[in-house]
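K.L.:
Here is the input, now give the coordinates:
(one chain, ligands or ions: 1)
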Amino acid sequence: MSGYRTHLLFYSTVAFITQWILATLHMQKGTLTDLTAIAIGAAYTLLPDIDAPHSKAKSAAWKTLSATAVLTFIGYAMTKDGTMKTICAASAITLCIMMLLRHRGALHSSLFAVILAAPIAIISPYHALWALLGYETHLLLDGTLSN
Ligand SMILES: [Zn+2]
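P.N.:
As a prediction, the model looks like this:
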């Protein structure tokens, strides 16, 4: 099983090579765009392991969603704002789904890579490609080293 450091190191190597190729072809988008794209890819390379019982990604997602659910519940109780209720419900449902996930199940698939990168593609297809690169390097490393 590859840990998050191994996934980040492998992704960083692939990202460096990709940036070198883009620079050679004069296809870089600019420093800020490239840095944010690389950062999104780094986040996405950790994302598949939110289904792993003791992963850093699951821990971070669990804490963030729990805090969001509690804070929006309090916010809804105080303001009766419908948006707070929706965010609270979405956070709670996502937490329930996370409890049902099996490690290296559906999240460790290219289909989920596309599904999770699609919202980014609406804003920036370039950033979505980096998200896909990050996600797929995770799948590649898991498949190569764990089987
Ligand atoms: Zn994994």
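K.L.:
show me what contacts L141?
P.N.:
Counting by CB atoms under 8 Å, 6 or more residues apart in numbering, L141 makes contact with S2, T6, H7, F10. C-beta here means a position set from N, CA and C on the backbone, and glycine is covered the same way.
K.L.:
Just the buried subset of these, please.
P.N.:
Buried members of the contacts of L141, scored by 16 or more other CB atoms under 10 Å, are H7, F10.
K.L.:
and the contacts of L141, which of them are in helices?
P.N.:
T6, H7, F10 (DSSP state H).
K.L.:
Grab the nearest non-local neighbour of S91.
P.N.:
A69 (3.9 Å; CB to CB, 6 or more residues apart in numbering).
K.L.:
Quick check: the gap between T24 and I17.
P.N.:
The spacing between T24 and I17, counted by CB to CB, to the nearest Å, is 11 Å.
K.L.:
Could you report the separation of the residue nearest to S91 from the ion?
P.N.:
25 Å (CB to the ion, to the nearest Å).
K.L.:
So that residue, which state does it fall into?
P.N.:
helix (DSSP: H, G, I helix; E, B strand; the rest coil).
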